[in-house]
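# let me see the structure of the following:
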Amino acid sequence: MSNTTVLYKHEKNFPPIFKFLVITIIIFITISLIFILFFQWLPVLIFQSALIGAFFLASSIIIIYVHTYGYWADINKFYLEYIPKEINYMKGSEYIGVVIANLNLRFDRYFHIYNTGIILLIERLRNQGVPIRIINNADEKRFKVLVDDRYCTELYIIGHGRRNALKIHKNKFIEYEDFKDAPRKRRVEQLHCCDKGGRSLAEILGAEEKFKSYNERNCEETINYLLNELISY
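Numbers count the residues shown, from 1 in each chain. Presented below is the predicted three-dimensional model:
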C-alpha cells in the first residue's frame, strides 16, 4: 500500500481569499476615486454617504465570499493540495481514478470546481477502502496515463468541459474521441458541464454513466449526486 504524493503537479498560487480581498479593495478604491475626482461639487453629506456606500459594497462582497465561495472552496482547495495522491493503492491492482482539471483557469472558473464536493467523493471512496489515484491540476499527459491504464477501471472527472471534451487549460480542451482505442472502463462520470453534443468518455469507452447529462451543470447538481449516489455505492 502506498500513500506517497504522486501524479501531482504543485502549482504555487495566491489563495482565493487573497484574490478576493484584492478585488474588493480595488472596487472600494475605484468607487472612492470616482467620487473624489468627479463629484466633489456634491454637498458634503451626499459625498460622505457615497463613500460610506462604497465601503458597504466592498464589505458585502466579503460577506458573500464568506458565505458562498470562501470556506467551502478554500477547504476543498487545501484538501486537494495536501491529500496523498495514492490511497489504498497497490501497483498492478485495479483502482479508481479521480481527475481534477483545475490547471491555470480563469479566476472565476475555480468556484465551480472547489464547490462541487470533491471531499465528499474522495472521502467516501477512501472510507470504503477503495484504491484511488488522484490527479490534481490535470494536464493532458497525466490524464492520458489514467485513461490508458487498464487497471484504472473507473474514472471521476471534475472540472469544466463539454459532453465530448474536458477543459484542462483556459484555452485548451482534451477531445474524448482521441481515447477511442483506450482500454474499456466499468464506469466513467463526468462531473462537469456536458452540453454541446458529441459522445461522452463513458460512451466512447463502453462504460456505465449514472450521472448522465447533455446540459450545463451547477455545483448543487454535483453535490446532490455525490450525496445521493455515493451513499449507496
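# sec struct for Val147, please.
helix (DSSP: H, G, I helix; E, B strand; the rest coil).
# pLDDT score for it?
pLDDT for Val147: 97.
# assign Thr222 to helix, strand or coil.
Classified using three-state DSSP, Thr222 is helix.
# list the contacts of it.
116-117, 158, 191, 211 (C-beta atoms under 8 Å, 6 or more residues apart in numbering). Any C-beta I mention is one placed from the backbone N, CA and C, and that applies to glycine too.
# count the residues that sit near Ala207.
Using other C-beta atoms under 10 Å, Ala207 is surrounded by 18 other residues.
# could I get the phi/psi values of it?
phi -100, psi 160 (degrees, to the nearest 10).
# same check, this time on Phe173
As for Phe173, its main-chain torsions (degrees, to the nearest 10) stand at phi -120, psi 150.
# pretty sure it sits against Gly161.
Yes - with contact defined as C-beta atoms under 8 Å, Phe173 and Gly161 form a contacting pair (7.1 Å).
# and the strands in the chain?
According to DSSP state E, the chain carries its strands in the segments 86-87, 95-100, 132-135, 152-158, 160-162, 165-169, 172-175, 187-191.
# which residue is nearest the middle of this protein?
Among the residues of the chain, the one closest to the centroid is Ile113, at 1.9 Å (C-alpha atoms, centre = their mean).
# residue contacts, the closest residue to that residue other than its chain neighbours?
Spatial nearest neighbour of Ile113, chain neighbours left out: Asn102 (5.0 Å); criterion: C-beta to C-beta, 6 or more residues apart in numbering. Applying C-beta under 8 Å, 6+ apart, we find Asn102 in contact with 80, 110, 113-114, 136-138, 159.
# alright, that wraps it up for me.
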